[in-house]
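**Q** my questions are about this predicted structure, shown below with the sequence.
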Amino acid sequence: MTRRIVVAGASMGGLRAAERLRAAHWTGAITVIGDEPHMPYNRPPLSKEVLAGRAPFASLAFTPKASAADVEWRLGASVTSARLADRVVVLEGGEELAFDGLVVATGMRPRRLRCEGPLNGRHTVRTLADAQGLRDELTRPGARVVVVGAGFIGCEVAATAVGLGVTEVTVVDPLPLPMVGPLGELLGRALLRRHEERGVRFALGAGVAGFEGEDRVTGVVLSDGTVLPADVVVESVGSVANTEWLDGNGLDLTDGVLTDDQLRVGGLPHVVAVGDVARFPNARYDGIPRRVEHWSIPTDTAKHAAKSLVAHLDGAEADFEPFAPLPTFWSDQHEFRLQSFGAPVLGKDDVRVLDGAPDGDVLVGYHADGRLVGVVALGGHAATTGAARYRAQLLKQPALTA
Amino acid sequence: MKVVVDMNKCQDHGQCVFAAPDVFQLDDNGRLAYVSDPDDALRDEVEEAADVCPLQAIRIEA
């Protein structure tokens, strides 16, 4: 009988896993199962070009590599449970699918606010359908928009809304500055000023207590009692891992699925995890397992996980280096870009301007124990490539130990 | 090998330059320049460059 690897999840992580399994010389069948009706597509434009109406779906779809042409795609189908020891996944409707190897790539879904009030008029931005639905409402004349959550997605959406001509856009967050959690105060202040200069309003240091409205939302009630009138609300308050289908297998699912340094799940060499659902230790840093929601992670994890999975299934157990990706991310807001290399979050207590100044193009270094652990550039596209000068240095450094 | 970059999509992220420095470069103005017919020996790194392009603007033809 043909051997089979099942990939649960048909977004970027699922696609890259399928391609990398072929690159690792897996000759058995590959079945990729995903709940969206679409072939894998690129999500970053959802909060920008798609929302702005500048990108049709065809421009977002990934082009699968020729090596993955014989992969079986089961789209619009979801995996509801798994019995890992028996090597079986169960699909919605009850169909059971046997596997030799399993790739967990089910990703994340947006966290929703639980406070009281109508759901109508409240949006998240994770899928193409989300972005299209939000665009329809943002483009209504006179729409007043409240974005809950001043992280990257929230700030990108606010910038796009202002660019679409929305005159009232307010970002709410309990923290005192936008993006301060990942970037620290220096860039948080610089970003606040840039957004305000371009017409975004902020209600910072305030949580959301509830929503007003009968059939649909008409206002957002803040924790201090203030009510912000709103026709459209965007909730960008983090995400929740899609791991419920793995319940009952004795796994650590406290935040995504815990893996070892080869991205193997629960000590099972025939099960690996890729993408932002994987909580993995990064040998480059302190070895503490973390989930990483950067765009580069599905590709990085798929490459490593596919090698270790295929080696095991082909009986060629090999000693692979521990997984140690150099994190990188970017964010485009208004006409400026943030570009990061390394782990700024580990060096937020020692932040130094390396080049430029916060009110213009600026390059910022983050240090731990006096050593550079991350760089972030803020400014025009050309200026942000300046961060790349430090990438080689960050790559060369020995591992940080806890 | 033939490489095509959709310059309408390219936003000068420069990730391809890290993956395949023999094929992709950013010029002094930060704009992408590339070799459109690189040697086949560079296929792995060009495929890597295509994978890591945030805009998915790089196509490998044959």
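**A** In hand now; what should we look at?
**Q** what's the average pLDDT for stretch A:9-21?
**A** What stretch A:9-21 shows for mean pLDDT is 98.
**Q** stretch A:44-61 too?
**A** Averaging pLDDT along stretch A:44-61 yields 92.
**Q** ok, now stretch A:306-317?
**A** Across stretch A:306-317, the average pLDDT comes to 94.
**Q** list the buried residues for that stretch?
**A** A:A306, A:K307, A:S308, A:L309, A:V310, A:A311, A:H312, A:L313 (16 or more other CB atoms under 10 Å in any protein chain shown). For glycine as for every other residue, the C-beta is placed from the backbone atoms N, C-alpha and C.
**Q** give me the residues contacting it.
**A** With CB atoms under 8 Å, 6 or more residues apart in numbering or on different chains as the test, stretch A:306-317 has contacts from A:3, A:5, A:17, A:20-21, A:23-26, A:28, A:100-101, A:103, A:262-264, A:269-270, A:272, A:318, A:320.
**Q** hang on, the earlier thing: any chance of CSV for the buried residues of stretch A:306-317, columns secondary structure?
**A** Listed next are these as CSV, based on DSSP: H, G, I helix; E, B strand; the rest coil:
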residue, secondary structure
A:A306, helix
A:K307, helix
A:S308, helix
A:L309, helix
A:V310, helix
A:A311, helix
A:H312, helix
A:L313, helix
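**Q** all helices for the chain, in order.
**A** Using chain A here. Listed in chain order, the helices of chain A (DSSP state H) span A:12-23, A:128-138, A:152-163, A:180-183, A:185-197, A:297-313, A:381-384, A:391-396.
**Q** the intended chain is chain B.
**A** Using DSSP H, helices in chain B cover B:15-19, B:43-52.
**Q** of all the ones you listed, which one is nearest A:G76?
**A** Closest to A:G76 of the helices of chain B is helix B:43-52 (CB to CB; 25.9 Å).
**Q** just the angle for the closest one relative to helix A:297-313, thanks.
**A** Helix B:43-52 runs at 130 degrees relative to helix A:297-313, counting by axes from the mean of the first three to the mean of the last three CA atoms, to 10 degrees.
**Q** tell me which other helices or strands helix B:43-52 touches.
**A** Applying 3 or more CB pairs under 8 Å, 6 or more residues apart in numbering or on different chains; DSSP states H and E, one finds that helix B:43-52 makes contact with helix B:15-19, strand B:58-61.
**Q** quick one: is the shortest one near chain A?
**A** Which is strand B:58-61. Yes. Strand B:58-61 reaches chain A (CB under 8 Å from any CB of the partner chain) through B:R59.
**Q** and if you look at the longest one?
**A** Yes. If you take CB under 8 Å from any CB as the test, helix B:15-19 does meet chain A, through B:Q15, B:V17, B:F18.
**Q** just how off-centre is that helix within its chain?
**A** Its chain's average C-alpha position is 7 Å from that of helix B:15-19, according to CA atoms, centre = their mean, to the nearest Å.
**Q** give me the mean pLDDT for that helix.
**A** Helix B:15-19 shows an average pLDDT of 95 in the prediction.
**Q** just name the most buried of the helices and strands packed on helix B:43-52.
**A** The highest average neighbour count among the helices and strands packed on helix B:43-52, using mean count of other CB atoms under 10 Å in any protein chain shown, belongs to helix B:15-19 at a mean of 22.
**Q** and that one, what other elements does it pack with?
**A** Helix B:15-19 is packed against strand B:24-26, helix B:43-52, with contacts defined by 3+ CB pairs under 8 Å, 6+ apart.
**Q** centre of the chain to the first one, how far?
**A** Right, strand B:24-26. For strand B:24-26, the distance to the chain centre is 7 Å (CA atoms, centre = their mean).
**Q** give me the contacts around that strand.
**A** Outside strand B:24-26, the residues touching it (CB under 8 Å, 6+ apart) are A:T385, B:D12, B:G14, B:C16, B:V17, B:L32, B:A33, B:Y34, B:V35, B:A49.
**Q** re earlier: JSON lines for the helices and strands packed on helix B:15-19, including mean neighbour count and mean pLDDT?
**A** Shown next, in JSON lines, are the helices and strands packed on helix B:15-19 (neighbours: other CB atoms under 10 Å in any protein chain shown; pLDDT from 0 to 100):
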{"stretch": "strand B:24-26", "mean neighbour count": "19", "mean pLDDT": "93"}
{"stretch": "helix B:43-52", "mean neighbour count": "19", "mean pLDDT": "96"}
